[in-house]
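Novice: what would the 3D arrangement of this be:
(one chain, ligands or ions: 1)
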Amino acid sequence: MDSTYKNILIKAYKNINSFKDEGQLATYIPELANVDPSMFGVHMTKIDGSNFGAGDYLEKFSIQSIAKVLTLTLAYKIIGEDLWKRIDVEPSGTKFDSLLLLETYKGIPRNPFVNSGAIVICDILISLLDNAKEEFLDFIRDISDLPDLTYSDKIADSEKKTGYKNVALCNFLKSFGNIKNEPDDVLDFYFDICSLEMTCQQLSQTFTFLANKGVKISDGKKVISKNKTKRINALMLTCGFYDESGEFAFRVGLPGKSGVGGGIVALYPDNYSIAVWSPQLNKHGNSYKGMELLENVTTHSELSIF
Ligand SMILES: NC(=O)CC[C@H](N)C(=O)O
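Specialist: Model prediction:
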């Protein structure tokens, strides 16, 4: 990777690493409370394949809600625009697990990235595929060129034991007719996709297709059309950080997606994908240092979509 980018990443990493972390671990999923809170890594992959990482970028972590972009990609690829009959494309302005607007909008989630929207996507995939759990894994292994990617049973089981809010969301959606399968099956699949583990390097590599008009950078294979890529990126920009999506666009200026494991992935279309991990979260459930680092990178590189 060219030295300008490397230097920007190294400087940003060192700078933010010296900050006092103002975030907290996500303890509502018991297994996530066992993560070393001092972990901090970043990795960038450019669409020419060059890449560079700093800090703990080779450590695996739970990608949690970042997986929602990948389930959306697969469902959207298969059923196209019919998807939007069951999920809207508006920012929610609420926390990721809020029940509030579901009643107002009669069981239509505001967008695919709040938990309710991602649960509906899981339901859609279960209806479309013979074995959603295995076929989704095949899909992400294929788009990432990472055949070893897998779910963490430990994390999925931990969330299954305590995920009462998601159980409530799924049953509430079912009462409006927006869940077609058994809620238990849908929730099992939802907890599985949230338990996926990746390193920052693997995550930035996996997301390069969204920075490359829907095309894999390794072999030129189309993952999803240009138009659908535009829409997925638009959703990441407007809804990727829940009630902090405006703040992320304002400070960082890139489409991105966060997870309560402390990961964030962001894209600069036609240029690069970047993944950062620091497990301590701000009050909106987004990585505190992760956001600081990405703001530093786009400010010093003077490269953002705006
Ligand atoms: N924002 C997130 O990463 C939330 C995902 C988490 N599995 C949950 O449903 O609560």
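
Novice: so what does G163 look like in phi/psi?
Specialist: For G163, the backbone dihedrals (degrees, to the nearest 10) come out as phi -80, psi 50.

Novice: for it, give me its contacts.
Specialist: By Cβ atoms under 8 Å, 6 or more residues apart in numbering, the contact list for G163 reads 29, 187, 191. Where you see a C-beta, it was placed from the backbone N, CA and C, and this is true even at glycine.

Novice: looking at these, spot the one nearest D148.
Specialist: Closest to D148 out of those is F191 (20.7 Å), distances taken as Cβ to Cβ.

Novice: from the contacts of G163, which are also near the ligand?
Specialist: Among the contacts of G163, no residue lies close to the ligand (Cβ under 6 Å from any ligand atom).

Novice: would you list the residues you listed in a markdown table and tack on distance to F19 and neighbour count?
Specialist: Output for the contacts of G163, formatted as a markdown table (distance: Cβ to Cβ, whole Å; neighbours: other Cβ atoms under 10 Å):
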| residue | distance to F19 | neighbour count |
| --- | --- | --- |
| I29 | 25 | 23 |
| L187 | 37 | 22 |
| F191 | 33 | 21 |
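
Novice: show me those that map onto strands.
Specialist: Of those, none are assigned to strands by DSSP state E.

Novice: list just the nearest of those to T299.
Specialist: Distances from T299 to those, taken by Cβ to Cβ, are shortest for I29, at 32.3 Å.

Novice: grab the nearest non-local neighbour of the closest one.
Specialist: Once flanking residues are discounted, I29 sits nearest to E159: 4.9 Å by Cβ to Cβ, 6 or more residues apart in numbering.

Novice: the one you found and the ligand, how far apart?
Specialist: Look at E159 and the ligand: by Cβ to the nearest ligand atom, to the nearest Å, they are 6 Å apart.

Novice: what do you get for K14?
Specialist: Taking Cβ to the nearest ligand atom, one finds K14 at 28 Å from the ligand.

Novice: and the host helix or strand of that residue, how far out from the chain middle?
Specialist: Using DSSP states H and E, K14 falls within helix 3-17. The chain centre lies 23 Å from the centre of helix 3-17; the measure is Cα atoms, centre = their mean, to the nearest Å.

Novice: for that helix, give the mean pLDDT please.
Specialist: Model confidence over helix 3-17, given as mean pLDDT, is 95.

Novice: after it, heading C-terminal, what element do we hit next?
Specialist: Assigned by DSSP H and E, the successor of helix 3-17 is strand 41-46.

Novice: state the mean pLDDT of that following strand.
Specialist: On average, the pLDDT along strand 41-46 is 98.

Novice: what residues does this protein put near the ligand?
Specialist: Residues of the chain lying near the ligand (Cβ under 6 Å from any ligand atom): 64-65, 96-97, 115, 159, 166, 194, 259-260, 285.

Novice: give the contact list for the closest residue to I124 other than its chain neighbours.
Specialist: Computed as Cβ to Cβ, 6+ apart, the closest residue to I124 that is not its neighbour in sequence is A75, at 4.9 Å. Neighbour list for A75: 83, 121, 124-125, 128 [criterion: Cβ under 8 Å, 6+ apart].

Novice: of the residues you listed, closest to G23?
Specialist: I121 (27.7 Å).

Novice: am I right that the closest one is in a helix?
Specialist: Yes - using DSSP: H, G, I helix; E, B strand; the rest coil, the assignment for I121 is a helix.

Novice: just checking, it touches L72?
Specialist: Yes - between I121 and L72 a contact is recorded at 5.8 Å, counting by Cβ atoms under 8 Å.

Novice: give me the common contacts of the two.
Specialist: Shared contacts of I121 and L72 (Cβ under 8 Å, 6+ apart): P112.

Novice: apart from its neighbours in sequence, what residue is nearest the most centrally placed residue in the chain?
Specialist: Residue closest to the average C-alpha location in the chain (Cα atoms, centre = their mean): I66, at 1.5 Å. Of all residues not flanking I66 in the chain, G259 sits nearest, at 4.4 Å (Cβ to Cβ, 6+ apart).

Novice: mind pulling up the pLDDT for the one you found?
Specialist: Confidence for G259, expressed as pLDDT, is 98.

Novice: same question, D21
Specialist: 89.

Novice: same thing with L303?
Specialist: 88.

Novice: contacts only, for it.
Specialist: 268, 271.

Novice: could you rerun that using 10 Å?
Specialist: 5, 8, 253-254, 268, 271-272, 297 (Cβ atoms under 10 Å, 6 or more residues apart in numbering).

Novice: quick one: it from K154, how far?
Specialist: The gap separating L303 from K154 is 38 Å, by Cβ to Cβ, to the nearest Å.

Novice: tell me how the protein divides into domains.
Specialist: When the chain is parsed with automatic domain parsing, its domains come out as 3-61+199-301, 65-194.
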